[in-house]
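Engineer: Predicted model and sequence below, questions to follow.
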Amino acid sequence: MNNFEPLAERLRPNSLDDYIGQKHLVGPGGIIRNMIETGRVNSFILWGPPGVGKTTLARIIANSIDARFYTLSAVTSGVKDVREVLEKCAAESSSMFASARPILFIDEIHRFNKGQQDSLLGAVEKGVVTLIGATTENPSFEVIRPLLSRAQVYTLRPLEDDDLQVLLDRALTKDRILSKRQVRIDSTEALFRFSGGDARKLLNILDLLEQSMPADSPIVIDDDFVTKSLQVNPAAYDRNGEMHYDIISAFIKSIRGSDPDAAVYWLARMVEGGEDPKFIARRLVISAAEDIGLANPNALLLANATFDALQKIGWPEGRIILAECTVYLATSPKSNSAYLSIDAAIEAVRKTGNLPVPLHLRNAPTKLMKDMGYHDGYKYAHDYENHFVDQQYLPDALLGARFWSPQSNPAEIKLASYMQLLRGYGKES
């Protein structure tokens, strides 16, 4: 028996009944519970912050369907390691004694480069292996599109206080070490706050508190004891907990609200809390397009340059680059007209379906297409005065539809005036 094994490992659940949290996935009717119960597990990627049970869930799935479980860490594994494991999986899948397809669990799959991710495609496509990936980063940015098309993404959420309370009760009553100690819980606010929705963090804190007290002394856990024992700014514990989402929300809303002081403050909170600089930079790019938009198109250029410069310069000087972009976006005029226009156009597409492209807008690379009227009547705008000629560009069913509505800022007023001159924007259709 290993007395040095961390509490988080000692309490790692082995069955779905002992698994805490993620009821939207593993509760009654949840998609992952249904897969386990039917024994038909498809490849998927678990996206969520640390300490919410990604690795544990993958192991429980393998145990539940009696599948061979292989694991790789994207930090230490290369293409050669992937191929070796896939060869073993292929041999297992072809065996008549196999009860289920082998499961390959890849932790931190977002750290795999394109070549490493490409090496997985064939095995996943042919059903040689069931891939379960785990990532703390948005798969849309970090996982290649062909792999995303073969693996559903399921989002795991930070644990709620009710979940943390269940975990705390289990640790105090079921753990072979803590259950033998005299532990009294007077308050849990600081304990849960420092845990930040992270089960592993909660158990690590309990480990620390237990080890800090003599074996024959009672342990009284309250907010003061937890705070003094940790002796750190709470921000250091918030990077991947609930505060992660609250602070980035406050940061973006401060930029949108044109308050550079508040925006820089929330930026500082993220910097001090150890937030991933790339995550902040990505949100700045989004904000530049969504909140500043056409009121100041240079904002998107600066935000994109910020993202690039951050990767070249690194840390800690990167904080200055983020601050410059933050202040610039916060002090820029604001417009969400581009954001509203694409949403309005998407809504129209969903309502009207695949409307045909007008014949004069279609290319006609073959004689048959020309004979069918493709491209016939198209007017080349550059052949006309001001490089403009009035002709139909929308499908017949959407003639006269307006998706972009210019807003009242100097840049868009200028654009609207030009569009009114050419296309009659602002006049009745």
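Structural biologist: Sure, I can see it.

Engineer: For the most centrally placed residue in the chain, which non-adjacent residue is spatially closest?
Structural biologist: The chain has residue 138 as the residue nearest its centroid, 2.7 Å off, counting by C-alpha atoms, centre = their mean. Sequence neighbours aside, residue 47 is the residue nearest to residue 138 in space, at 7.0 Å (criterion: C-beta to C-beta, 6 or more residues apart in numbering). (Glycine included, C-beta is placed from N, CA and C.)

Engineer: wouldn't that neighbour be in contact with residue 141 here?
Structural biologist: No: using C-beta atoms under 8 Å, residue 47 is not in contact with residue 141, being 10.9 Å away.

Engineer: can you pull the pLDDT of residue 384?
Structural biologist: pLDDT, residue 384: 82.

Engineer: related to what we said a few turns ago, between residue 47 and residue 141, point out the one with more neighbours.
Structural biologist: When residue 47 is set against residue 141 and neighbours are counted by other C-beta atoms under 10 Å, the residue ahead is residue 47, at 22 against 10.

Engineer: Kindly give the local confidence score, pLDDT, for that one.
Structural biologist: Reported pLDDT for residue 47: 91.

Engineer: Phi first, then psi, for it.
Structural biologist: phi -110, psi 120 (degrees, to the nearest 10).

Engineer: Now do it against residue 315, distance only.
Structural biologist: 24 Å (C-beta to C-beta, to the nearest Å).

Engineer: go on, residue 276?
Structural biologist: From residue 276 to residue 315 the distance is 10 Å (C-beta to C-beta).

Engineer: got it, and residue 188?
Structural biologist: Remark: distance between residue 188 and residue 315 (C-beta to C-beta) = 34 Å.

Engineer: before we move on, what about residue 304?
Structural biologist: Plainly put, residue 304 is 19 Å away from residue 315 if you go by C-beta to C-beta.

Engineer: So for the two, which sits in the more crowded spot?
Structural biologist: Set side by side, residue 304 and residue 315 show more neighbours around residue 304, with 16 against 9, by other C-beta under 10 Å.

Engineer: Run through the strands of this protein in chain order.
Structural biologist: Under the criterion DSSP state E, strands of the chain are mapped to 44-47, 69-73, 103-107, 130-135, 152-155, 183-185, 219-221.

Engineer: Could I get those strands in TSV, plus columns for distance to residue 60?
Structural biologist: Shown next, in TSV, are those (distance: least, C-beta to C-beta, whole Å):
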stretch	distance to residue 60
strand 44-47	12
strand 69-73	10
strand 103-107	11
strand 130-135	11
strand 152-155	14
strand 183-185	28
strand 219-221	29
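
Engineer: residue contacts, residue 74?
Structural biologist: By C-beta atoms under 8 Å, 6 or more residues apart in numbering, the contact list for residue 74 reads 106-112, 116.

Engineer: ok, those vs residue 172, which is closest?
Structural biologist: Ranked by distance to residue 172 (C-beta to C-beta), the contacts of residue 74 are led by residue 107 at 29.0 Å.
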